[in-house]
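Asker: need coordinates for the following:
(chains A, B, C and D)
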Number of protein chains: 4
Amino acid sequence: MAGNTLGRVFTVTSFGESHGPAIGCVVDGCPPGLALSAGDIQQDLDRRKPGTSRHVTQRQESDTVEILSGVFEGKTTGTPIALLIRNEDQRSRDYGNLIDTFRPGHADYTYWQKYGIRDHRGGGRSSARETAVRVAAAAIARKWLQEQHGVVIRGYLSQLGPIEAPFQSWETVDANPFFSANAEVVGKLESFMDELRKAGDSVGAKITAVAEHVPVGWGAPVYAKLDADLAGAMMSINAVKAVEIGAGFASVAQRGSEHSDELTPEGFVTNHAGGILGGISTGQNVVVTIAIKPTSSIRIPRRSIDKQGNPVTLETNGRHDPCVGIRATPIAEAMMALVLMDHALLHRAQNADVQTPTPKIPGSSTYGPVPASKKSTA
Amino acid sequence: MAGNTLGRVFTVTSFGESHGPAIGCVVDGCPPGLALSAGDIQQDLDRRKPGTSRHVTQRQESDTVEILSGVFEGKTTGTPIALLIRNEDQRSRDYGNLIDTFRPGHADYTYWQKYGIRDHRGGGRSSARETAVRVAAAAIARKWLQEQHGVVIRGYLSQLGPIEAPFQSWETVDANPFFSANAEVVGKLESFMDELRKAGDSVGAKITAVAEHVPVGWGAPVYAKLDADLAGAMMSINAVKAVEIGAGFASVAQRGSEHSDELTPEGFVTNHAGGILGGISTGQNVVVTIAIKPTSSIRIPRRSIDKQGNPVTLETNGRHDPCVGIRATPIAEAMMALVLMDHALLHRAQNADVQTPTPKIPGSSTYGPVPASKKSTA
Amino acid sequence: MAGNTLGRVFTVTSFGESHGPAIGCVVDGCPPGLALSAGDIQQDLDRRKPGTSRHVTQRQESDTVEILSGVFEGKTTGTPIALLIRNEDQRSRDYGNLIDTFRPGHADYTYWQKYGIRDHRGGGRSSARETAVRVAAAAIARKWLQEQHGVVIRGYLSQLGPIEAPFQSWETVDANPFFSANAEVVGKLESFMDELRKAGDSVGAKITAVAEHVPVGWGAPVYAKLDADLAGAMMSINAVKAVEIGAGFASVAQRGSEHSDELTPEGFVTNHAGGILGGISTGQNVVVTIAIKPTSSIRIPRRSIDKQGNPVTLETNGRHDPCVGIRATPIAEAMMALVLMDHALLHRAQNADVQTPTPKIPGSSTYGPVPASKKSTA
Amino acid sequence: MAGNTLGRVFTVTSFGESHGPAIGCVVDGCPPGLALSAGDIQQDLDRRKPGTSRHVTQRQESDTVEILSGVFEGKTTGTPIALLIRNEDQRSRDYGNLIDTFRPGHADYTYWQKYGIRDHRGGGRSSARETAVRVAAAAIARKWLQEQHGVVIRGYLSQLGPIEAPFQSWETVDANPFFSANAEVVGKLESFMDELRKAGDSVGAKITAVAEHVPVGWGAPVYAKLDADLAGAMMSINAVKAVEIGAGFASVAQRGSEHSDELTPEGFVTNHAGGILGGISTGQNVVVTIAIKPTSSIRIPRRSIDKQGNPVTLETNGRHDPCVGIRATPIAEAMMALVLMDHALLHRAQNADVQTPTPKIPGSSTYGPVPASKKSTA
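Answerer: The predicted structure follows:
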């Protein structure tokens, strides 16, 4: 399959460059009869859009979505849903000096060597702008998952540079510009970002996404593991360099007697597994954490080469997020939703009739990765 | 696509249960004309097979592979290559007590709730035994990548439980039962494992896989990112809970001025990117690190439930690896090979004719993830 | 994979309803560097569009295509090419009486039973309007195939109702409103259609599509046969009820000594195979013929049922083609192009390096299916 | 996706050459809980196997199938079902003279030019032997379709060379070596074949496959049309040159007032559509007819070339079916079953919850393509 389609039976086919006329996607395989309006999608787009605080890029994009197909009289029809977002504030003049040089840490060099042609205005397909269509497409998945299964998908920034922000409360998340679930660190985050912007540098971040009420049984035991698809989807987000499920890297130092989540009739005791065992959802919260690298476009001068291979020095001005991670929470949620939706449909394709005498036991309330040293849930 | 096929144009379709008659796979899309014998595959299988030291499961499997198709007079023909490995030492009596109960940390509960039927003898499809077919299939990919592009894929155990084993030398890797690239820690690993086995407990591990000489340009910018496919493939290995590319989680605390790898006419200066930028290979070493959770089958008693939902206490005897990570290095290498092979072919499907005036600059010699605090290569 | 994507590595993902805001598609996997403008696509769309003669539907659609992505400074970039065509002349009032009834021969009943919701204005996704996007997408494939391999794809109406129109000359095809390659029958076709329109009835047609200069070696021996993919693609055109490759049904009554095309150093002697043997192109012309059923929307009253299952009588007025086959030639060419393009790329993915000492022998000049009774080429 | 996998969610991945050690396949996506034994599969294989009458090849193959995985205690588990059939009677000495020459009408020349390497013993992957695995895989689909939906799939030889054999009765089909549903023509078929064998020539055939009790609603409106997938699957059978759905080519000369099947509360009046409208099943019998070309291996001398391009004369001895169509009925049934199974699962993936107030109306009892001249069912 060509490389711009995600999913198996619920698919998203994405298109568009950051500085072309538009971005958008085709969502195929959506069940019919779901109530859906542009407003449902817009509210998710608005959470991701640029320009909402001084800590993110000032590019002005309304990110207004138009539904081109697949919805009739307010309901999905089961046919492809095409979503269109026109680009409004391209300002490609900012990129004139990038025609012949490759920005370090960017896809410029790899892109050029792969394709031999490149829309040098912004990142083209490598731009974080492409993630808007993921959020738009995922709004549909989230709505269906919520209505059909009560699945709730939320995320938060769990670390920014050196500052950890462990989960405290979902209420906090939308009350600060960082998607922090920890009210206490917000002041620290503000000062840190102000200093960073002044220094012309950038920094990485960690995002945690949690899906609650995912039924037991979604996924598959081998290549189509739920966690394998989640890992692939999360790593496909720009700038992501790592993915953890549940305890993640902490499980390296754990012992089996600590890591393996015990089952009781009252429910699972812990959730080091992050809601997935053997590639299949357990009925616990699905917990995924990702690492986002520092933005490569910084004002500090950096060495690079030009198209002929000569050495150059580059400093990137233009409008850029000093920490792309700040806007990444809705994107991580989106990828979670898209993968879960696909697996929900795949599961009923094969296993619609399965019934067992075993009760579905409840999960522990886990909203973050469990550190190796604690047995209680985070 | 159904869930037991990996890849887009170079595909592996896997089958077989740990305690059924056989495991195997069909490898489709292999270019014709590659010299290939069962021996080429066997040598890789032998590196993974059980029973090679006191630190791993004592199940006796010769893992003898038979090539059923796709090879004629010692060369691949371009048709599907079917590989068959008969199971020899099932000893399913060890599992009699597991018919009605679910082992904590195992796929037993999720599997049962998904399918309503389960081969309780061992893990069925969830058994690590399935990974033998990945290694077998990958032997084909490795050979082609090596012959056509000089790609060399190697891995090592970079941590076992709390013991870090930073890269020192490839020579060491096959000279100890742990695939450690660090000769100094081997003694420590031996004692640690002996103690662990005595305690009836298990532990996690970290594996690093490195592909050298991958040309610049493999991958794609959005969903079919090379790192996205690597993450998915790695996370599809049993017991893997996390995947890092290059600096991985260390990039969270890095600044852009540190993380972004500078380019000079003499080559890249660092390799925090792990050989992939914007989803496309840079020409540097591709570096992937994975976390493997502690084995769930331990002798220490654990709480669980039975099929009717009643509480039970379980201790698992039988033959199990106290650290599945010890045997995981060849498997991580295999997944690396399978993903690279697929992308090598995808790249020439679309871009066979691309040429640029820009020289391919060499990579830095990176064999491990770069810690946030160092700018030199590991 | 969800059902609105065609192809394996060169893919078209289609969207849009006949009476919604727009139709369009995303073309993914196109090689970079191909010169491409909206005009290149428009000329093919214009050949398919309605309203060009009194024998087709009078719906007025300019079918103006907009390229939304994937083209930069007049060249494809290797990223997805999104094409958008706004609907202009929906006149959905014509369909008011169809809210609660099912037109015989249409997808109304099946669609409704499948989805439980239906855009009753026109056929929704079942409308022939969807074929515009196939033509638009295929314009890209045709251009690449022509430039890279000299492949020329042309088609003609080979029968209309009872009137056969055997191939005479390609020049004729664009000089009459029927795409007839036979100048002599045009007058007969005109009168036949005038009579039919007056009767309020409709009729079927047969279209033949021919691809010249397809290199030997495209396709695959088993499920991905070139003819299998052509058959699937052709049958996916609205109203198509049959597909033939080469001699097609005539081969039933042929003997092997007649059917099998002999090879000589000067070339193939005949082309009963239609340019494909064992699923792989022979280097001869690829010849495909399809049957198109009579339009179901006719003025003659027909029995049907309504949504509650009660009997009704229907006569369809509105604007309809009395023979959809008249406009189908560009669509058949389009599907031919899309399948060939996909196989061109698949072939080089797997077999880019293959070389043989055997000369490529030329094909016989076949432009139509060979009747069973003749050994000479048509 | 590589070329040896068929299907979207219920997939068959096939392997094996006619003269290698074995053929077989992996069936993935089968719902769990289906009772299945090797015997269930063997009975279908026995209907296809060679050597059952003097009219077919005398190659002796028991075609004994072994289930390698996916079945536990007599039931499918939802994991991949691997099927293995060892080759027993290869007699590759018959093919010694074919090392350097290409048989006219065979895939020899195309295969060689594509792959540059070829198992010259028999047709390799192009051999009709590969169809055994389709029949084996389809046995699973047929069983599930029958048990879950009451779907019955049967086929018959509707023409052999010039001799038409219109449907009379299903009872006749298994009572003669031709799968003729017409008892009266059997004598004629016998004499015709005896004469043909004496002449050292071969002939084509027509097969009709019928699926009864397919529910309304399977399929999709655009590329994944049920008829498109059927056409692709049927054309992927060796030697098939044409596919018709329902009236097929007869619909060219039909008028809309004749072709379009009227609906009444008592059911459809006719079935020219062959059970599919707009790509979606109607609830009528699904009727597909295919044309099979005459075998290319004949004793009559034919012109060809050798690997260096020099002219040669070939006569094929060895063991061959003078009419491969005679054994093709079970294969056509198999492809019908595989496509229906895939669509049954796809339908419930997307539309499991759909309900309408409209009664499902019954189909007319059609067991063959309806000639253009008749309005009654065949």
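Asker: so what's the residue count around the closest residue to A:Ile67 other than its chain neighbours?
Answerer: Leaving aside its sequence neighbours, A:Ile67 sits nearest to A:Ala38 (C-beta to C-beta, 6 or more residues apart in numbering or on different chains; 5.4 Å). C-betas here are computed from N, CA, C, even on glycine. Neighbour count for A:Ala38, taken as other C-beta atoms under 10 Å in any protein chain shown: 16.
Asker: list the residues that contact A:Ala38.
Answerer: Residues in contact with A:Ala38, defined by C-beta atoms under 8 Å, 6 or more residues apart in numbering or on different chains, are A:65-67.
Asker: now the strands for the stretch 1-150 of chain A?
Answerer: A:5-6, A:11-16, A:22-28, A:65-67, A:71-72, A:75-76, A:81-86 (DSSP state E, counting those that start in this stretch).
Asker: reformat those strands as JSON lines; add mean pLDDT, distance to B:Pro104 and mean neighbour count.
Answerer: Compiled in JSON lines, these are given as follows (pLDDT from 0 to 100; distance: least, C-beta to C-beta, whole Å; neighbours: other C-beta atoms under 10 Å in any protein chain shown):
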{"stretch": "strand A:5-6", "mean pLDDT": "97", "distance to B:Pro104": "33", "mean neighbour count": "26"}
{"stretch": "strand A:11-16", "mean pLDDT": "97", "distance to B:Pro104": "36", "mean neighbour count": "30"}
{"stretch": "strand A:22-28", "mean pLDDT": "97", "distance to B:Pro104": "38", "mean neighbour count": "28"}
{"stretch": "strand A:65-67", "mean pLDDT": "97", "distance to B:Pro104": "45", "mean neighbour count": "20"}
{"stretch": "strand A:71-72", "mean pLDDT": "95", "distance to B:Pro104": "45", "mean neighbour count": "21"}
{"stretch": "strand A:75-76", "mean pLDDT": "96", "distance to B:Pro104": "40", "mean neighbour count": "20"}
{"stretch": "strand A:81-86", "mean pLDDT": "97", "distance to B:Pro104": "42", "mean neighbour count": "25"}
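Asker: quick check: residues of the stretch 51-200 of chain A near chain C?
Answerer: A:66, A:68-70, A:72, A:75-82, A:84, A:114-119, A:124-125 (C-beta under 8 Å from any C-beta of the partner chain).
Asker: coming back round to it: now render the strands of the stretch 1-150 of chain A as a markdown table, adding distance to C:Pro357.
Answerer: Formatted as a markdown table, the entries for the strands of the stretch 1-150 of chain A read as follows, by distance: least, C-beta to C-beta, whole Å:
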| stretch | distance to C:Pro357 |
| --- | --- |
| strand A:5-6 | 40 |
| strand A:11-16 | 43 |
| strand A:22-28 | 46 |
| strand A:65-67 | 58 |
| strand A:71-72 | 59 |
| strand A:75-76 | 58 |
| strand A:81-86 | 50 |
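Asker: of all those strands, which lies closest to C:Leu34?
Answerer: Smallest distance to C:Leu34 across the strands of the stretch 1-150 of chain A (C-beta to C-beta): 16.6 Å, for strand A:11-16.
Asker: look at the residue in the stretch 1-150 of chain A that chain B sits nearest to and report its pLDDT.
Answerer: Nearest residue of the stretch 1-150 of chain A to chain B: A:Ala107, at 2.3 Å (C-beta to the nearest C-beta). Here, the pLDDT recorded for A:Ala107 equals 92.
Asker: how about the residue nearest to it when sequence neighbours are not counted, phi and psi?
Answerer: Among residues not flanking A:Ala107 along the chain, B:Gly278 sits closest, at 2.3 Å (C-beta to C-beta, 6+ apart). Per-residue torsions, B:Gly278: phi 60, psi 30 (degrees, to the nearest 10).
Asker: closest one to B:Leu157 among the strands of the stretch 1-150 of chain A?
Answerer: strand A:5-6 (32.9 Å).
Asker: parallel or antiparallel, which strands does the closest one pair with?
Answerer: Partners of strand A:5-6 in the sheet, by DSSP bridges, are strand A:11-16 (antiparallel).
Asker: buried residues in stretch A:334-352?
Answerer: A:334-351 (16 or more other C-beta atoms under 10 Å in any protein chain shown).
Asker: just the ones of these in helices?
Answerer: A:334-351 (DSSP state H).
Asker: what is the neighbour count of A:Arg185?
Answerer: Residue A:185: Val, not Arg. Counted with other C-beta under 10 Å, A:Val185 comes out at 22.
Asker: got the contact list for the nearest residue to it once chain neighbours are set aside?
Answerer: For A:Val185, ignoring the flanking residues on the chain, the nearest one in space by C-beta to C-beta, 6+ apart is A:Ala165 at 4.7 Å. Residues near A:Ala165 by C-beta under 8 Å, 6+ apart: A:156-159, A:178, A:180-182, A:185, A:189.
Asker: can you find the helix or strand in chain A with the smallest mean pLDDT?
Answerer: Every helix and strand of chain A was ranked by mean pLDDT, DSSP states H and E. The lowest is helix A:38-48, at a mean of 92.
Asker: returning to what we had before: among the ones in helices among the buried residues of stretch A:334-352, which are in reach of chain D?
Answerer: Answer for those near chain D (C-beta under 8 Å from any C-beta): A:345-346, A:348-351.
Asker: chain B next: which of those residues are close?
Answerer: Restricting those to those near chain B - C-beta under 8 Å from any C-beta - leaves A:346, A:351.
Asker: among the ones next to chain D among the ones in helices among the buried residues of stretch A:334-352, which pair sits farthest apart?
Answerer: The widest separation within these (C-beta to C-beta) is 11.3 Å, between A:Leu345 and A:Asn351.
Asker: centroid-nearest residue for chain A?
Answerer: A:Ala332 (2.0 Å; C-alpha atoms, centre = their mean).
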